[in-house]
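**Q** Curious how this folds, go ahead:
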Amino acid sequence: MSRVEDRGRLRDLLGRIAENTRVEVLSALPGGPYRVESLRGSWDQDVGALRRGVALRAIYQADAARSPDVLRYLTDFAGQGAQVRVSGRVRHRTIIVDREIAFVAVDEDSLTVPFLVVEEPAMVRSFQAQFAAMWKSAHSVGVGAEDSLGSETVRETLDILKSGVTDEVAARRLGVSVRTIRRRVAAVLELLDATSRFEAGVKAVEAGWL
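**A** Numbers count the residues shown, from 1 in each chain. Here you go, the predicted structure:
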């Protein structure tokens, strides 16, 4: 295990590894907000990896994905084949490549150095297990019926909350199950850090959704 203190060295190291990635990249990103321009800085590299057959799975903390522009970007990213989810809490920036090497930010809620570079297999497996547990409880971003989040799905869900109709009526209108509606509402509440449907409406206005 080594420690990287210099941002330039970390960037070069990640760039070299990205070029040789064969199977998958698991990525967890802590709190935002993020600028869409910054996220798009790696778009070509990420889409190129997807086209080479590399699986990309990314978990974003909810406040990083809260704005309409960022969630639209993540929806587009999912449309390219990435698997994207949103979780209420992501503590450490983590990147796990091909189940062989892990980069983990030393400080919580940080995207920058120092990072630990871990190649010990047992430790990499431990970080991978932590990622898997977080992935299991996170909400999916995309355009499919099973995706709880996505730019259009969030707008539909907020329209439901604003109209005040029951979940049963909403399910009939959208042609999905009541369970799906409730899952989407729960995902939107977590995305907006709201504890009630009314509070979700207020925070949706603050975030620029309404």
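**Q** looking at the chain, which helix or strand is least sure?
**A** Ranking every helix and strand in the chain by mean pLDDT, DSSP states H and E puts helix 36-40 at the bottom, with a mean of 91.
**Q** Give me the buried positions along that one.
**A** For helix 36-40, burial by neighbour count (16 or more other CB atoms under 10 Å) applies to Leu39. Every C-beta, even on glycine, is put in place using the N, C-alpha and C of the backbone.
**Q** now stretch 127-135
**A** Phe127, Gln128, Gln130, Phe131, Met134, Trp135.
**Q** Including secondary structure, pLDDT and distance to Val4, could those residues go into JSON lines?
**A** JSON lines is the format used below for these (DSSP: H, G, I helix; E, B strand; the rest coil; pLDDT from 0 to 100; distance: CB to CB, whole Å):
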{"residue": "Phe127", "secondary structure": "helix", "pLDDT": "98", "distance to Val4": "16"}
{"residue": "Gln128", "secondary structure": "helix", "pLDDT": "98", "distance to Val4": "20"}
{"residue": "Gln130", "secondary structure": "helix", "pLDDT": "98", "distance to Val4": "20"}
{"residue": "Phe131", "secondary structure": "helix", "pLDDT": "98", "distance to Val4": "20"}
{"residue": "Met134", "secondary structure": "helix", "pLDDT": "98", "distance to Val4": "23"}
{"residue": "Trp135", "secondary structure": "helix", "pLDDT": "98", "distance to Val4": "25"}
